[in-house]
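Student: here is my input, please return the structure:
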Amino acid sequence: MTSQKVSSFSRERFSDRPYRAAALLILAGLALAGCAGGAPADPGTASSAAAESPSPSPSSPSPTPTPSAVYKPADASGPAQNVPVPVLPEVAKTETKEGLEAFAKYWFQLLSYGYETGEVGLFEGVEPRSCGACQKVKEVIVNWHSEGRWLVGGKLTTPVVDTTFVKDQQGQYKVAVQVHQEPLSYMRADGSTARTDPQAPDQGNLLLVAYENDRWVVTELGSIVG
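Tutor: Next up is the predicted model:
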């Protein structure tokens, strides 16, 4: 990223695209529908076996299979289910170059999780103070995950995260993040598609981050433009 400058996200950019929270480069993937687990026992087989055999001994109960929750992305048939909750890596808790870059990746993972699930509580815990763009993003997430609607696609990944790990005069570090976003579709409650955003080019974002009270805090979010 050479000869680039940083510009703050504006509310106008969001209002120009009411469904698209792309000023933040985002739109997190969503996904899944359907919880896969072990197949239930055939009730006919179970009842006949019980009739032909004596009652099981209390000391040797029959094992009960534990169904596993399977992550599946959202599709035209329904919203995401069993979305894995992002976990903050241990290294991301340290004031090191590696820790800062890991935290930046985690920040966008939380944003992506919000788009998939409609839950913004985790993201609210790490969003910048007084971030107007973040507020618009949350509005899109919450509003489109209401009244039976959901989102499909739009998954966020961060192919490149880089920092010089040098503090500015305010004690903040700058982290440049390349963000890739899959096409996003907005689904109505009846399963019809309200609209689909085409594949957008990767966007450059700049996070200003401070290390306070043994944790990273994002203080500002901007876009990198050429």
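
Student: check contacts around Ile141.
Tutor: Taking CB atoms under 8 Å, 6 or more residues apart in numbering as the criterion, Ile141 is in contact with 21, 114-115, 118, 120. For glycine as for every other residue, the C-beta is placed from the backbone atoms N, C-alpha and C.

Student: does anything pack onto the lengthiest helix in the chain? Which helices or strands?
Tutor: Criterion DSSP state H: the longest helix present in the chain is helix 97-117. Packing contacts for helix 97-117, counted by 3 or more CB pairs under 8 Å, 6 or more residues apart in numbering; DSSP states H and E, involve helix 121-124, helix 132-144, strand 156-162, strand 173-181, strand 203-212, strand 215-225.

Student: now do Val142 against Ala74, distance only.
Tutor: Per CB to CB, to the nearest Å, Val142 is found 16 Å from Ala74.

Student: which stretches of the protein have low pLDDT?
Tutor: Within the chain, the stretches with pLDDT under 70 are 1-68, 225-226.

Student: ok, back up a step: tell me the most buried of the helices and strands packed on helix 97-117?
Tutor: For the helices and strands packed on helix 97-117, average neighbour numbers computed from mean count of other CB atoms under 10 Å are highest in strand 173-181, which has a mean of 21.

Student: contacts for it, please.
Tutor: Contacts for strand 173-181 (CB under 8 Å, 6+ apart): 1, 22, 25-28, 100-101, 104, 108, 154-168, 200, 202-211, 224.

Student: go with 6 Å
Tutor: The contact list for strand 173-181 (CB atoms under 6 Å, 6 or more residues apart in numbering) reads 1, 25, 27, 100, 104, 156-163, 200, 202-207, 209.

Student: also stretch 198-215?
Tutor: The contact list for stretch 198-215 (CB under 6 Å, 6+ apart) reads 6, 25, 95, 104, 171-173, 175-181, 183, 216-220, 222-224.

Student: could you do stretch 85-93 as well?
Tutor: With CB under 6 Å, 6+ apart as the test, stretch 85-93 has contacts from 98-99, 102-103, 106, 109-110, 113.

Student: ok, for Tyr173, nearest residue in space, not its chain neighbours?
Tutor: Val209 (5.1 Å; CB to CB, 6 or more residues apart in numbering).

Student: with Tyr113 instead?
Tutor: Pro86 (5.5 Å).

Student: with Arg129 instead?
Tutor: Of all residues not flanking Arg129 in the chain, Thr219 sits nearest, at 6.5 Å (CB to CB, 6+ apart).

Student: list the contacts of the one you found.
Tutor: 128, 172, 208, 210.

Student: of those residues, closest to Pro79?
Tutor: Nearest to Pro79 out of these is Pro128 (CB to CB; 27.7 Å).

Student: verify the stated contact: the closest one with Leu221.
Tutor: Yes - contact status for Pro128 versus Leu221: in contact at 5.2 Å, counting by CB atoms under 6 Å.

Student: if we can go back for a sec, next, the angle strand 156-162 makes with the longest helix of the chain.
Tutor: For helix 97-117 against strand 156-162, the angle by axes from the mean of the first three to the mean of the last three CA atoms, to 10 degrees is 170 degrees.

Student: got the CA positions of helix 97-117 in PDB?
Tutor: Presented in PDB, the C-alpha positions along helix 97-117 are these (Å, rounded to 0.1, in the frame of the first residue of the first chain):
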ATOM      1  CA  LYS A  97       3.500  -6.600  16.900                       C
ATOM      2  CA  GLU A  98       2.100 -10.100  16.700                       C
ATOM      3  CA  GLY A  99      -0.400  -9.400  19.400                       C
ATOM      4  CA  LEU A 100      -1.700  -6.200  17.600                       C
ATOM      5  CA  GLU A 101      -2.000  -7.900  14.300                       C
ATOM      6  CA  ALA A 102      -3.900 -10.900  15.900                       C
ATOM      7  CA  PHE A 103      -6.200  -8.500  17.600                       C
ATOM      8  CA  ALA A 104      -7.000  -6.600  14.400                       C
ATOM      9  CA  LYS A 105      -8.000  -9.900  12.700                       C
ATOM     10  CA  TYR A 106     -10.100 -10.700  15.800                       C
ATOM     11  CA  TRP A 107     -11.900  -7.300  15.500                       C
ATOM     12  CA  PHE A 108     -13.100  -8.100  12.000                       C
ATOM     13  CA  GLN A 109     -14.000 -11.700  13.000                       C
ATOM     14  CA  LEU A 110     -16.400 -10.200  15.500                       C
ATOM     15  CA  LEU A 111     -17.900  -8.000  12.900                       C
ATOM     16  CA  SER A 112     -18.300 -10.900  10.600                       C
ATOM     17  CA  TYR A 113     -20.000 -12.900  13.400                       C
ATOM     18  CA  GLY A 114     -22.500 -10.100  13.900                       C
ATOM     19  CA  TYR A 115     -23.500 -10.200  10.200                       C
ATOM     20  CA  GLU A 116     -24.000 -14.000  10.400                       C
ATOM     21  CA  THR A 117     -26.000 -14.100  13.600                       C
END
